[in-house]
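next input, structure requested:
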Amino acid sequence: MTTLLAAISTAVALAGFAMAETINFDNLKTGVPPPGWTATKTGTGQPKWTVEADATAPSKPNVLKQSGRATFPVCIKDDTSLKDGIVEVKFKPISGKEDQAGGVIWRARDANNYYIARANALEDNVTIYHTINGRRTEKKRTNMKVATGEWHTLKVDFEGNHFTVEFDGKKAIDWIDDTFKEAGKVGLWTKADSVTLFDDFSYDAR
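Numbering: from 1, shown residues only. Sure thing, here's the model as predicted:
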């Protein structure tokens, strides 16, 4: 019985970590979107999501770059389905006159329905939203220094209706919401004319 219980416990533990993955975009063809992702947008415009070589990448040689312009460029990891867990990314805001943003999305149903947390170098803040039928609504924000041209880390821990956002290792936002309760996909997000680099995208189901 003890052996059986130990085996079951091990299986459950392994199942809990089965979804854990880190994607650094290395060993992928450059100049095109990464395979297994839907490179798209919320709203209108022409986003441009491409894998590119970058000497400053936290894990060399490649990054995922968004260099187009759209209402909200979105890149969704197709094979993900997380109800509770974490999503994290390293990002570097490069330029943008309207915005210089980098964000993560979770519990995404599609390109028009998801939660999002983002940091903006032009505004020096971290903000959490939900997007419903393509309409983004701000819920909470915290002023924090977000430097252009530097790599930052954005992380969201989500469980039930409770969400915690961390920026560069510091707690930025706590928020309670019941809009999207079911499991959904995770991915990346920018806004408007933001040119942003992403690397070391990771997620784990709880």
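
where does this structure dip in pLDDT?
Applying pLDDT under 70 to the chain picks out residues 1-19.

how far does stretch 108-128 sit from the chain's center?
Relative to its parent chain, stretch 108-128 has a centroid offset of 9 Å by C-alpha atoms, centre = their mean, to the nearest Å.

in that stretch, what counts as buried?
In terms of neighbour count (16 or more other C-beta atoms under 10 Å), stretch 108-128 has its buried residues at 108, 111-121, 123, 125-128. From N, CA and C alone the C-beta is placed, and that goes for glycine too.

cool, stretch 152-172 as well?
Quick answer for stretch 152-172 (16+ other C-beta under 10 Å): 152-158, 163-168, 172.

show only the entries of those found in strands.
The members of the buried residues of stretch 152-172 that map onto strands under DSSP state E are 152-158, 163-167, 172.

which residues are in contact with residue 90?
By C-beta atoms under 8 Å, 6 or more residues apart in numbering, the contact list for residue 90 reads 58, 151-153, 198-200.

what bridges to it?
Per DSSP bridges, the residues bridged to residue 90 are residue 153, residue 199.

now residue 52
residue 63.

now do the contacts for it.
Counted by C-beta under 8 Å, 6+ apart, residue 52 has contacts 30-31, 62-65, 197.

how far away is it from residue 200?
15 Å (C-beta to C-beta, to the nearest Å).

about what we covered before: from the ones in strands among the buried residues of stretch 152-172, which is closest to residue 46?
Residue 46 has its nearest neighbour among these in residue 154, at 24.6 Å by C-beta to C-beta.

just checking, the closest one touches residue 92?
No: using C-beta atoms under 8 Å, residue 154 makes no contact with residue 92, being 11.3 Å away.
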